[in-house]
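**Student:** build the 3D model from these lines:
(chains A and B)
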Amino acid sequence: MSLIEEIDYGTPKSLSEKMITLTIDGNEVTVPEGTSIMRASMEAGVKVPKLCATDMVDAFGSCRLCLIEIEGRNGTPASCTTPAMEGLVVHTQTQRLKNIRKGVMELYISDHPLDCLTCAANGDCELQDMAGAVGLRDVRYGYEGDNHVFAKAHDVANDRWMPKDESNPYFTYDPAKCIVCSRCVRACEEVQGTFALTIEGRGFSSRVSPGMHENFVDSECVSCGACVQACPTATLTEKSVIEIGQPEHSKVTTCAYCGVGCSFKAEMRGEELVRMVPWKDGKANRGHSCVKGRFAYGYSTHKDRILNPMIREKISDPWREVTWEEAYKHVANEFRRIQYQYGRNSIGGITSSRCTNEETYLVQKLVRAGFGNNNVDTCARVCHSPTGYGLRTTFGTSAGTQDFDSVEHTDVVMIIGANPTDGHPVFASRLKKRLRKGAKLIVVDPRRIDLVRSPHVEAAQHLPLRPGTNVAVVTSMAHVIVTEGLFNEKFIRERCDWDEFQDWAAFVSSPEHSPEAIEQLSGVNPQELREAARLFATGGNGAIYYGLGVTEHSQGSTTVMAIANLAMATGNIGRKGVGVNPLRGQNNVQGSCDMGSFPHELPGYRHISDESTRDIFDKLWGVKLQDEPGLRIPNMLDAAVDGTFKGIYIQGEDILQSDPDTKHVAAGLAAMECVVVHDLFLNETANYAHVFLPGSTFLEKDGTFTNAERRINRVRKVMSPLNGYADWEVTQNLANAMGLGWSYSHPSEIMDEVALTTPSFAGVTYDLLDKEGSVQWPCNEKAPLGTPIMHIDGFARGKGKFIRTEYVATDERTGPRFPLLLTTGRILSQYNVGAQTRRTQNVVWHEEDRLEIHAHDAEQRGIRDGDWVKITSRAGETTLRALITDRVSPGVVYTTFHHPTTQANVITTDFSDWATNCPEYKVTAVQVGASNGPSDWQIEYDEQARQSRRIAPVLDAAE
Amino acid sequence: MQSASTDIASRAIGIIDQLKGKEGPLLPILHELQDEFGYVPPETLPLIAQALNISRAEVHGVFTFYHDYRDHPAGRHVLKLCRAEACQSMGGDALADRARQLLGIDWHGTTADGAVTLEPVYCLGLCACAPAAMLDDEVIGRLDAEQLEEIAAEVRL
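**Tutor:** Numbering: from 1, shown residues only, chains lettered A, B, ... in the order given. Here you go, the predicted model:
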């Protein structure tokens, strides 16, 4: 094992198709036109010394080290800013160049500390490398002159010296080591798109400044780590490297946070993770990262992790640590007892969108083959189940149509109910890059998200609709497109059913769907809606990206279909730069759906009632599968309250915190006789569990995650599981305790079984993934290397299907008692219910959930910024502190759900999507009022949680 | 009565709104703010960032790049002495020392009575008439010690 070294070509790749040939140090090299001489040299294997150039950002030409000579031209141009041209003869190493470079290095080093041996970057410092490369032997200028290095000179304070900024929890900024190459500033601008850094001053006074000479943590910095990665010295250094030292080996793996699925190099020292560095060849992230994936992995070794299995008779008892064997035996006996007593369908399982495909596959296999029923569901139920339903109905596949690279070819981006800069930050950076190059943006969201207006990005249209009116607004956009004749008739005639289109067109054309008619209910200015529709239909390649603000509604599936209609009507399907793109919330929510986690679907979205599909599994597994769909999560809980559902195996999901109507979930769990929670931590659901099986992190196992672009990415084990077993091993052992006789020795064998049984995965093997890095399903004979863009020549279902999308107002309505609409979302630094991120230093940025409320509504209620407020709905009440803002419109309030003490889901209702039961998290009618502190429920809940987390001390035999 | 900071903010916003439609509006806005307040109040930088939809860092970077923008008020007069090569070769060093002595302040300093601020400048483009200086908006060529004393006395009137 060794450190994976990535070649830095110095300047970005040229996309030109015209090739040119030049000679560099006697080597002929052919490169695309527009390639820099520096990059061409590197491709020919000639390393030109450089400091300010790196291939993640454009050439800058400031360090004067990469100079070259070109035959027939005067001077010594910088190779990074000089484009390669046909027939050039370039020399990179002449006496003249050597002298210049040595002189430049002398100047750099005369203002740089000579503490290499004790420096954190020792061994990973480009300044050190370049000093070696140019043969620097002494510095004629000495070190006594003006400098930024020493705090004092001759006992007098040095005004130029600045102390180290250690305010960011993950990295330090030491201005004394800065060579002012601007790589960090450019990375922040070009890669991340935040523009949080600048160079202040000029000449010798120039220094890197976060914000307006602020600390990093107080500046606009979002801690994505791009600057740290770009820094050639120890100026910006991960604190983990300072503490541990340089890594010695690394493996490429996949981030376990959001659905972007970024590839990282896990850089290790022994079994200790030193740092996560985004991998440039990662096809989802292209070398970029966010604060979560880059830095927030500390939860994996957090002291709260439970490492031994535990059992208890009653949930009021303290936990008792047991051996794995005892735990498996206990669960197997209990599940069999319950089935004997209450019937075969009285138990079930929940798969995890955070675990690997292989682990998910095994859990659903355990349920179907071991429990003998189809009572398996997954957390996608509460997020993207409407995506599956809606896109399958209209296009024929339950997934997004594009890869993330596609955004580079988009002209008009429409974002509906998603907040990419917080929820999917790496995609947001790629999107912002495209927007800065001129693409137009339409945002449909009740809240003024950052993308509506932030440095260098401004939405052409923001439609701040009232929560719950997505269908009305999207249908109204279709109304404009159809009635103004902006639809793409050729595309529709070729690719869709013309009669169905006409029926749909007649439906959307009716005056009740006009922007003017729906203004009353949606609150959207009709003129702006018209402009947005026209822009989307006529602005070139139009792509729609959407999130949970679309799906988590009583009409979630309808909105997904309305979006699909819009894409088809404008011909925006089946090529680069267009498409319908759900932004998946969790790392493997796409994969968990693909793997047959839904009660009605076997892997590959094949309905359980289909005999030929069942037959494949019957034969392979040696069982007879039930042909009826099993229970969904809410049905399981209802059945539990009714007394017919008694046992559940929950892998890696905290349904108590994440599912709606907390009190109902708690009642359902409390009514069960054997709740098995398989997780890293004693999560909120575990308060109601009888058995706790310790889980493993993504760093501790092999497997695959499938991201929002259907990309199957490898997860590689870099350390031994602290709890002893990867999750797939635990599920297998449990299955074997129930007599199933499984014998997988590696997750690759599970993937082989998936490939064998599932046509869309037929070509997927670990060998292929190792070779290609990743592939996007479908991957089979027709597409041996996967499918980046779907529906290119025709829809998966044949003809694209237009569906009428009638707006039906949710039953959740405001009235005199509950006059405000609450909608929920997330924040950059935290992830989902926060089980992981709350156990990292990310809490620096978000220590509590706040209620965003418009000043108008706040004033009416006498609420000041920071006050404790009580928020009440028909379902319950909770308290949190108010944040007064104009990001939300009057009448709308907003909060995040990252902290269990807030329990935002105590107030969400049990209304759900008509087709898929996806809960209506995004609309709850509420009242907000002043409060003195936590509600009775919160106090009771805290006490119950504290009680239920007790672990009995292990007694010595002698006692 | 409005507090001083709201007053600065509202005057600044007026200036920013008036100029933000220009092509490359950042420098004109900074100039105008300096003309209005005698310096660019630091609290106006985020307002500029907000109005131009750029980051605070970017405004700070530009603001600090130019020596002529001030972050605090100067004296009633500003005396700039050229410190560049041509003027140095014509006795500029001695004049500079004399100026500091006469005014009792160092570079960038302002006399205690607020009368004058002394600034070094690197070339006023008057090399042919070195050593050169600039008092407020007026350039002075072939400066000598006597003239300097006159200026020092005049600015304190």
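
**Student:** how does chain B divide up, domain by domain?
**Tutor:** Taking automatic domain parsing as the reference, chain B has its domains at B:4-65, B:77-155.

**Student:** any chance of the ones you listed in CSV with mean neighbour count and mean pLDDT as columns?
**Tutor:** No exception for glycine: its C-beta is placed from N, CA and C like everyone else's. Putting those into CSV (neighbours: other Cβ atoms under 10 Å in any protein chain shown; pLDDT from 0 to 100) gives the following:
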stretch, mean neighbour count, mean pLDDT
domain B:4-65, 17, 94
domain B:77-155, 17, 93
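
**Student:** for A:K782, which of those is the nearest?
**Tutor:** Distance to A:K782, taken as Cβ to Cβ, is lowest for domain B:4-65 among the domains of chain B, at 46.6 Å.

**Student:** buried stuff in stretch A:938-952?
**Tutor:** Buried residues in stretch A:938-952, counted by 16 or more other Cβ atoms under 10 Å in any protein chain shown: A:Q938, A:Y941, A:A945, A:S948.

**Student:** quick check, nearest of those residues to A:I109?
**Tutor:** Minimum separation from A:I109 among the buried residues of stretch A:938-952 (Cβ to Cβ) is found for A:A945, which lies at 57.5 Å.

**Student:** kindly provide the distance from that closest one to A:R101.
**Tutor:** Between A:A945 and A:R101 the distance is 63 Å, computed by Cβ to Cβ, to the nearest Å.

**Student:** tell me what the residue sitting nearest the centre point of chain A is bridged to.
**Tutor:** For chain A, the residue sitting closest to the mean C-alpha position, by Cα atoms, centre = their mean, is A:C258 at 2.2 Å. Beta-bridge pairing of A:C258 under DSSP bridges involves A:Q586.

**Student:** chain A: which of the domains of chain B is closest?
**Tutor:** For the domains of chain B, the distance to chain A is smallest for domain B:4-65, at 3.1 Å, taking Cβ to the nearest Cβ.

**Student:** ranges for the helices of the stretch 551-700 of chain A?
**Tutor:** For the stretch 551-700 of chain A, the helices identified by DSSP state H, counting those that start in this stretch occupy A:556-569, A:589-594, A:611-621, A:633-642, A:655-658, A:662-670, in order along the chain.

**Student:** rounded mean pLDDT for the fifth one, please.
**Tutor:** This means helix A:655-658. Helix A:655-658 shows a mean pLDDT of 85 in the predicted model.

**Student:** who touches it?
**Tutor:** Under the criterion Cβ atoms under 8 Å, 6 or more residues apart in numbering or on different chains, residues A:350, A:379, A:382, A:633, A:662, A:665-666, A:669, A:683-685, A:687-688, A:832-833, A:897, A:900, A:903, A:905 lie in contact with helix A:655-658.

**Student:** for the second one, same thing?
**Tutor:** Helix A:589-594 has contacts (Cβ under 8 Å, 6+ apart) with A:259, A:351-353, A:355-357, A:360, A:378-380, A:383-385, A:388, A:398-399, A:584, A:603-605, A:704-708, A:710, A:712, A:760-761, A:777.

**Student:** spell out which residues of chain A are next to chain B.
**Tutor:** A:194-202, A:209-213, A:219-220, A:453-458 (Cβ under 8 Å from any Cβ of the partner chain).

**Student:** interface residues of chain B facing chain A?
**Tutor:** Counting by Cβ under 8 Å from any Cβ, the residues of chain B that sit close to chain A are B:42, B:45-46, B:49, B:53-61, B:64-67.

**Student:** for the stretch 651-800 of chain A, which residue gets nearest to chain B?
**Tutor:** Nearest to chain B, among the residues of the stretch 651-800 of chain A, is A:A708, at 28.5 Å (Cβ to the nearest Cβ).

**Student:** nearest residue to A:A121 in space, please, no chain neighbours.
**Tutor:** If the residues on either side of it in the chain are set aside, A:A121 comes closest to A:A234, at 3.6 Å by Cβ to Cβ, 6 or more residues apart in numbering or on different chains.

**Student:** and A:L602, by the same measure?
**Tutor:** Nearest one to A:L602, counting by Cβ to Cβ, 6+ apart, is A:G596 at 4.7 Å.

**Student:** and what of A:G123?
**Tutor:** Of all residues beyond its chain neighbours, the one nearest A:G123 is A:Q246 (4.9 Å), with distances taken as Cβ to Cβ, 6+ apart.

**Student:** got the contact list for the one you found?
**Tutor:** Applying Cβ under 8 Å, 6+ apart, one finds that A:Q246 lies in contact with A:N122, A:G123, A:D124, A:R269, A:V274.

**Student:** now do A:T401
**Tutor:** With contacts defined as Cβ under 8 Å, 6+ apart, the neighbours of A:T401 are A:F395, A:I573, A:G574, A:V578, A:G579, A:V580, A:N581, A:I789, A:M790, A:H791.

**Student:** ok, now which ones touch the fourth one?
**Tutor:** Meaning A:V578. Taking Cβ under 8 Å, 6+ apart as the test, what A:V578 contacts is A:T401, A:Q402, A:S406, A:T410, A:N541, A:G542, A:A543, A:A567, A:N572.

**Student:** could you do the third one as well?
**Tutor:** A:G574 is in contact with A:T401, A:R495, A:I789, A:M790, A:H791, A:I792, A:D793, counting by Cβ under 8 Å, 6+ apart.

**Student:** figure out how far the helix or strand that contains B:A99 is from the centre of its chain.
**Tutor:** Secondary structure assigned from DSSP states H and E places B:A99 in helix B:93-103. Computed by Cα atoms, centre = their mean, to the nearest Å, the separation of helix B:93-103 from the middle of its chain amounts to 19 Å.

**Student:** state which helix of chain A is the longest.
**Tutor:** Of all the segments of type helix in chain A, defined by DSSP state H, the longest one is helix A:324-342.

**Student:** can you give the contact residues for it?
**Tutor:** Helix A:324-342 has contacts (Cβ under 8 Å, 6+ apart) with A:309-311, A:322, A:346-347, A:371-372, A:644-647, A:649, A:673-674, A:676, A:690-691, A:693, A:724-725, A:730, A:733-734, A:736-739.

**Student:** mean confidence for that helix?
**Tutor:** 95.

**Student:** following the chain onward from it, which element is next?
**Tutor:** Read in the C-terminal direction, the helix or strand following helix A:324-342 is strand A:347-351, with elements assigned using DSSP H and E.

**Student:** pairing partners for that next one, with directions?
**Tutor:** Each strand that pairs with strand A:347-351, with its direction, by DSSP bridges: strand A:376-378 (parallel), strand A:647-651 (parallel).

**Student:** could you dump these into TSV with mean neighbour count added?
**Tutor:** Conversion of these to TSV gives the following (neighbours: other Cβ atoms under 10 Å in any protein chain shown):
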stretch	mean neighbour count
strand A:376-378	31
strand A:647-651	27
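
**Student:** in TSV: those, plus mean pLDDT and distance to A:V426.
**Tutor:** Compiled in TSV, these are given as follows (pLDDT from 0 to 100; distance: least, Cβ to Cβ, whole Å):
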stretch	mean pLDDT	distance to A:V426
strand A:376-378	93	24
strand A:647-651	95	27
